[in-house]
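Enquirer: next one to model:
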Amino acid sequence: MHPRRNKRVAAAGVTLATLTLILLVADVLLGSEPVPLATAWRALLGTEQSHLSQIILGYRFPKAMVALLVGVSLSVSGLQMQTVFRNPLADPYILGVSSGAGLGVALFVMGYSVWGTTAVGALLASMGYAVSACVGAAFIMSIMLTISMRVRDIMAVLILGVMIGSATSAIISALQFFSRETALKSYVLWTMGGLGNVTSAQLYVLIAVTLAGSVLALLSIKTLNALMQGESYARSIGYNVGKNRLAIMLTATLLTGTATAFCGPIGFIGVAVPHVARMLIREADHRYLLPITMLLGAVAMLLCDVISSLPGYETSLPINTVTSLLGIPIVILVIVRNQKIV
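Expert: Have a look, this model is predicted:
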């Protein structure tokens with residue numbers, strides 16, 4: 001790469017890493033009750049014994065870590081899908097993974113109103129939203145993986161993913177129509193997204209999945225660069241397109257499904273962040289684009305969480321509201337540029 005581009009990518013990486021640290025600290029300090037930096041530091045070291053330390057260790061620091069991990073997961077999976085499908089508006093949600101997770105939660109929460117008992121059964125009734133969302137996401141993932149192995153046309157896979165997502169949405173709508181008011185409210189709150197309800201055990205799972213998915217994504221950089229040139233080119237240089245496409249889809253689905261299961265459907269991060277990363281470094285090579293996308297995803301999600309938790313509000317704004325307000329203008333810009341309207 002040209003030395004000037006090297007400097008631009010390095011500068012972007014250092015800047016984003018610094019912003020990640022600053023926003024992580026801000027996310028811990030800001031909220032309905034602001035916390036002094038010294039107090040927060042003592043709480044993290046275990047030398048502060050007050051109600052503020054309980055707020056930091058029990059809620060704010062885990063929530064900030066969840067925001068960082070979810071930002072990385074959704075951004076990486078979004079970049080992978082845009083490259084595999086060669087579509088600037090593709091992201092894992094188009095494959096129906098988010099709809100599958102939503103269906104699992106809808107069956108768990110609203111099943112009683114329809115069948116008189118919890119739809120997932122008494123055995124799973126105590127395991128909550130996360131397990132039901134994971135089961136739903138895994139179900140749709142298995143369908144999409146089976147399709148991807150049998151259908152060679154990548155655009156056909158994309159269309160089928162949209163259709164499956166629409167079908168699950170129709171089932172969810174039927175459940176909402178017959179459900180009771182309290183169950184319906186609980187489901188709607190989950191769909192708004194939230195970062196503060198992740199337990200310690202779930203946080204460890206999220207850390208492990210994000211690290212594993214990120215490593216797999218980094219190992220697939222050469223494949224992503226080849227697929228970016230088209231499947232014919234990838235085959236001409238010896239890549240098994242079907243096998244590699246399956247591996248990338250599995251990684252993206254794993255990252256998105258876990259984030260959605262624990263935090264609800266969080267929109268526009270996966271589709272918007274990769275485009276901002278491309279505009280920032282003006283580089284399409286995934287050796288540089290992927291790490292920058294990871295950092296930018298963490299920055300974007302932390303920023304959204306800081307905005308949603310600004311002092312002056314007794315409760316945080318739904319995180320999905322903030323991500324949508326920030327992500328929609330970027331998606332509109334991408335469509336406008338691609339259609340050469342301006």
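
Enquirer: going forward, measure contacts between C-alpha atoms and count neighbours the same way
Expert: Noted.

Enquirer: what's the separation between the residue positioned nearest the centre of the chain and M65?
Expert: For the chain, L74 is the residue whose C-alpha lies nearest the centre (Cα atoms, centre = their mean; 2.8 Å). From L74 over to M65 the distance is 14 Å, taken as Cα to Cα, to the nearest Å.

Enquirer: one more: P34?
Expert: In terms of Cα to Cα, P34 sits 18 Å off from M65.

Enquirer: and the two? Which one has more around it.
Expert: Set side by side, P34 and M65 show more neighbours around M65, with 20 against 13, by other Cα atoms under 10 Å.

Enquirer: residues in contact with the more buried one?
Expert: L24 (Cα atoms under 8 Å, 6 or more residues apart in numbering).

Enquirer: could you say which helix or strand holds it?
Expert: helix 61-85 (DSSP states H and E).

Enquirer: next structured bit after that helix?
Expert: helix 97-115.

Enquirer: now that following helix: how far from the chain's centre is it?
Expert: 20 Å (Cα atoms, centre = their mean, to the nearest Å).

Enquirer: report pLDDT for P274.
Expert: pLDDT for P274: 92.

Enquirer: can you tell me the SS state at it?
Expert: Assigned with DSSP: H, G, I helix; E, B strand; the rest coil, P274 falls in the helix class.

Enquirer: what residues of the helix holding M65 count as buried?
Expert: By 16 or more other Cα atoms under 10 Å, the buried positions in helix 61-85 come out as 61-85.

Enquirer: low-confidence regions, the stretch 51-200 of the chain specifically.
Expert: Counting by pLDDT under 70, the stretch 51-200 of the chain shows low-confidence ranges at 111-129.

Enquirer: distance from the chain centre to the helix holding M65, please.
Expert: On Cα atoms, centre = their mean, the centre of helix 61-85 falls 4 Å from that of its chain.

Enquirer: CA atoms only: put stretch 289-306 into PDB for me.
Expert: Output of stretch 289-306 as PDB, limited to C-alpha atoms (Å, rounded to 0.1, in the frame of the first residue of the first chain):
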ATOM      1  CA  LEU A 289     -10.700  -2.200   6.400                       C
ATOM      2  CA  LEU A 290     -11.600  -5.000   8.900                       C
ATOM      3  CA  PRO A 291      -9.500  -3.700  11.900                       C
ATOM      4  CA  ILE A 292     -10.800  -0.200  11.300                       C
ATOM      5  CA  THR A 293     -14.300  -1.500  11.100                       C
ATOM      6  CA  MET A 294     -13.900  -3.300  14.500                       C
ATOM      7  CA  LEU A 295     -12.600  -0.100  16.200                       C
ATOM      8  CA  LEU A 296     -15.300   2.100  14.500                       C
ATOM      9  CA  GLY A 297     -18.000  -0.300  15.600                       C
ATOM     10  CA  ALA A 298     -16.900  -0.100  19.200                       C
ATOM     11  CA  VAL A 299     -16.800   3.700  19.000                       C
ATOM     12  CA  ALA A 300     -20.200   3.900  17.400                       C
ATOM     13  CA  MET A 301     -21.900   1.600  19.900                       C
ATOM     14  CA  LEU A 302     -20.200   3.300  22.900                       C
ATOM     15  CA  LEU A 303     -21.300   6.700  21.600                       C
ATOM     16  CA  CYS A 304     -24.900   5.500  21.200                       C
ATOM     17  CA  ASP A 305     -24.900   4.200  24.700                       C
ATOM     18  CA  VAL A 306     -23.400   7.400  26.100                       C
END
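
Enquirer: what comes into contact with that stretch?
Expert: With Cα under 8 Å, 6+ apart, stretch 289-306 has contacts from 9, 12-13, 16-17, 19-20, 23-24, 26-27, 30, 64, 67-76, 79, 218, 221, 269, 273-274, 277-278, 281, 283, 319, 322-323.

Enquirer: sorry, back to before: can you tell me how far the residue nearest to the centre of the chain is from I269?
Expert: With Cα to Cα as the criterion, L74 and I269 are 6 Å apart.

Enquirer: burial count for D285?
Expert: 15.

Enquirer: surely it is in contact with L227?
Expert: No - in this structure, D285 is not within contact of L227 by Cα atoms under 8 Å, at 11.5 Å.

Enquirer: how about low-confidence regions in the stretch 201-342 of the chain?
Expert: In the stretch 201-342 of the chain (pLDDT under 70), the answer is 311-315, 338-342.

Enquirer: now do 50
Expert: 341-342 (pLDDT under 50).

Enquirer: please enumerate the helices of it.
Expert: Applying DSSP state H, counting those that start in this stretch to the stretch 201-342 of the chain gives helices spanning 221-228, 231-236, 241-263, 269-281, 286-308, 319-339.

Enquirer: quick one: mean pLDDT for the helix ranked longest in the chain?
Expert: For the chain, the helix that runs over the most residues, judged by DSSP state H, is helix 3-29. Mean pLDDT, helix 3-29: 90.

Enquirer: now it: buried residues?
Expert: 9, 12-13, 16-17, 19-20, 23-29.

Enquirer: the helix or strand that that helix is followed by to helix 61-85, inter-axis angle?
Expert: Remark: after helix 3-29, the chain's next helix or strand is helix 37-45, criterion DSSP H and E. Here helix 37-45 points in a direction 80 degrees away from that of helix 61-85 (axes from the mean of the first three to the mean of the last three Cα atoms, to 10 degrees).
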